[in-house]
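S.K.: below are the sequence and a predicted model for it; my questions follow.
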Amino acid sequence: MVFTHRPLFDLYPQWDWATRDGAQVLDTLLPYPNVTVFYGHIHQEHHHMTGHIAHHAARSLMFPLPPPGSQPQRQPVPWDAAQPYRGLGWREIEAKPASGAFALAEQPIAT
């Protein structure tokens, strides 16, 4: 299990959603059969596979960001009084030691 702030793959480098030496880190991890990477920085749910390596990002508790490339600049989703928690949330992760799997549950912020 690897925790990193930015994605180790080039999700959207124009918005700084990448890690300069991420490819080197992935090359180091590829020989290991059971690797899962949890990352942040993008403030939204996202799932990606690099070979057999699963990458997961979750929504944040503040400062929601739009999907990559959906607008010219990386700027927060505008606040809406009618939907004050839009785009916000958190993730619950349950490790299943017997199988080596993880159960991911996305949780919205309840009003």
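M.R.: Cool, got the structure.
S.K.: now do the end-to-end distance for stretch 81-90.
M.R.: For stretch 81-90, the first and last residues are 20 Å from each other (C-alpha to C-alpha, to the nearest Å).
S.K.: T4 touches V37, doesn't it?
M.R.: Yes - in this structure, T4 is within contact of V37 by C-beta atoms under 8 Å, at 6.3 Å. C-beta: built from backbone N, CA, C; applies to glycine.
S.K.: who's more crowded, the two?
M.R.: V37 (22 against 16; other C-beta atoms under 10 Å).
S.K.: now the more buried one: how far from P78?
M.R.: Per C-beta to C-beta, to the nearest Å, V37 is found 30 Å from P78.
S.K.: three-state assignment of V37?
M.R.: For V37, the assignment made with DSSP: H, G, I helix; E, B strand; the rest coil gives strand.
S.K.: mean pLDDT per helix and strand in the protein: which one sits at the bottom?
M.R.: strand 101-108 (a mean of 85; mean pLDDT, DSSP states H and E).
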